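In: here is a sequence with its predicted model. Questions after.
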Amino acid sequence: MNVDYKFLADNDPGGELEVAFSAMAAEKIIEPHELILTDKGLANKLGLTKAIAFKENLKSAVVAGALPQDVIDWFVSTGIDINHPDVEITLNALRVAGFLTLAQVSDVLNLRNKDNPKYPGLKIGHLQNAREWRAEGRI
């Protein structure tokens with residue numbers, strides 16, 4: 001692993017080594033990524049119970065005329081890109097209309113992001129070295 005000790009030293013929150021290390025190890029970078037979601041994919045990500053409830057609520061919206069049947073068909077067959085702005089608008093409109101809950105919309109939209117560690121592979125020794133080398137003027 002190639003460690004950028006200057007980067008670690010620059011981002012060191014200071015204080016006790018163990019506390020600073022824990023804080024840094026917990027930091028994440030949230031990155032959007034393309035996600036074509038099907039009903040089966042939703043079940044894999046959120047669990048069967050939540051996926052079934054979500055799909056049933058979408059079906060209720062179709063029956064009420066608030067959502068075209070095509071959306072359900074796409075969701076089941078080819079999937080829907082949940083990063084597309086229209087998807088968020090549609091899900092929120094269905095929430096406002098009472099077909100979906102806030103939790104359901106949040107669960108689905110939160111799948112758009114991928115959490116990556118800000119400091120991948122960080123070990124306490126890396127931070128300790130960065131501190132020592134910064135104090136010595138080496139970085």
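Out: Received the coordinates, thanks.
In: bridging residues for the spatially most central residue of the chain?
Out: The chain has Asn113 as the residue nearest its centroid, 3.0 Å off, counting by Cα atoms, centre = their mean. Taking DSSP bridges, one obtains Pro32 as the residues bridged to Asn113.
In: I'd say it and Lys28 touch.
Out: No. With contacts counted by Cβ atoms under 8 Å, Asn113 stays clear of Lys28, the gap being 9.5 Å. Using the backbone N, CA and C atoms, a C-beta is placed for each residue, glycine as well.
In: buried set for stretch 69-76?
Out: Going by neighbour count (16 or more other Cβ atoms under 10 Å), the buried part of stretch 69-76 is 71-72, 75.
In: okay, strands next: where are they in the chain?
Out: In the chain, the segments counted as strands under DSSP state E are 28-32, 36-37, 80-81, 113-117.
In: what helices or strands is the longest helix along the chain leaning on?
Out: Ranked by number of residues, the top helix in the chain under DSSP state H is helix 48-63. When contacts are defined as 3 or more Cβ pairs under 8 Å, 6 or more residues apart in numbering; DSSP states H and E, helix 48-63 packs onto helix 39-46, helix 69-76, helix 85-96, helix 102-110.
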